[in-house]
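*Asks:* here is a sequence together with a model predicted from it:
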Amino acid sequence: MKQRKKTIILLILSLCAALALFYRRSLSLQQLLPGLDLSQCTSITLQGDFYKESPRESVAYNRTFTPENKEFEQILALLKQAEFRRSLWGLIPNKGTRTHPLQTGDIRWEIHCVFPDSSLRVHNFFGDFTLSFQEISSLPVAPVSSQWADVVTAIITK
């Protein structure tokens, strides 16, 4: 009887681990957000705060790019190649607000893509990433490649 209970518990734990691994697999933005068509983007706003000199003083960045700008294509290409993993924290209902103790060198940024009938937001809150698109709001994710986030950060901090 005890052996049977242990087997059932082990089977349930194995199934939970397999489901967690499946949920956390690498996905492109189009796979994560069905209905997203990046080719329909009409403008991209990139904004952020970089605490370069001191945690009390930030350098603000806020620029909007249209298809005529070279940065528009650069950011759009970054979004097309981006891969994310969903966070298991996304399964828990979000309650409250997030805080972060500021330090020199911290950065937070957001990419806001406007489409004819919707918008996409990729938000980096000091290393915690969320996606928002249509009815999906604040889906916690993690970029598969840290280089991807570093390139966006480099655009802001140059």
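*Replies:* Yep, that arrived.
*Asks:* got the CA coordinates for the lengthiest helix in the chain in CSV?
*Replies:* Ranked by residue count, the top helix of the chain under DSSP state H comes out as helix 2-23. What follows is helix 2-23 as a C-alpha-only set of coordinates in CSV (Å, rounded to 0.1, in the frame of the first residue of the first chain):
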residue,chain,number,x,y,z
LYS,A,2,2.8,2.4,0.9
GLN,A,3,4.7,1.5,-2.2
ARG,A,4,1.6,2.3,-4.4
LYS,A,5,1.2,5.8,-2.7
LYS,A,6,4.9,6.6,-3.3
THR,A,7,4.6,5.5,-7.0
ILE,A,8,1.5,7.7,-7.5
ILE,A,9,3.1,10.7,-5.8
LEU,A,10,6.3,10.2,-7.9
LEU,A,11,4.2,10.0,-11.1
ILE,A,12,2.3,13.2,-10.2
LEU,A,13,5.5,15.1,-9.5
SER,A,14,7.1,13.8,-12.7
LEU,A,15,4.0,15.0,-14.7
CYS,A,16,4.2,18.4,-13.0
ALA,A,17,7.9,18.7,-13.9
ALA,A,18,7.2,17.7,-17.5
LEU,A,19,4.4,20.3,-17.8
ALA,A,20,6.6,23.0,-16.3
LEU,A,21,9.3,22.2,-18.8
PHE,A,22,6.8,22.3,-21.7
TYR,A,23,5.4,25.6,-20.4
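*Asks:* helices or strands up against the helix or strand just after it?
*Replies:* Following helix 2-23 in sequence order, the next helix or strand is strand 26-28 (DSSP states H and E). With contacts defined as 3 or more C-beta pairs under 8 Å, 6 or more residues apart in numbering; DSSP states H and E, the packing partners of strand 26-28 are strand 83-86. C-beta here means a position set from N, CA and C on the backbone, and glycine is covered the same way.
*Asks:* now the strand it packs on, how far from the chain's geometric center?
*Replies:* In terms of C-alpha atoms, centre = their mean, to the nearest Å, the gap separating the centre of strand 83-86 from the centre of its chain is 8 Å.
*Asks:* what about residue 29, distance to residue 143?
*Replies:* Distance, residue 29 to residue 143, by C-beta to C-beta, to the nearest Å: 11 Å.
*Asks:* now the common contact residues for the two.
*Replies:* Counting by C-beta atoms under 8 Å, 6 or more residues apart in numbering, the contacts common to residue 29 and residue 143 are 82, 84.
*Asks:* buried sites along the longest strand that the chain contains?
*Replies:* The residue-count maximum for a strand in the chain (DSSP state E) belongs to strand 43-54. The neighbour-count check on strand 43-54 (16 or more other C-beta atoms under 10 Å) flags 44-46, 48-51 as buried.
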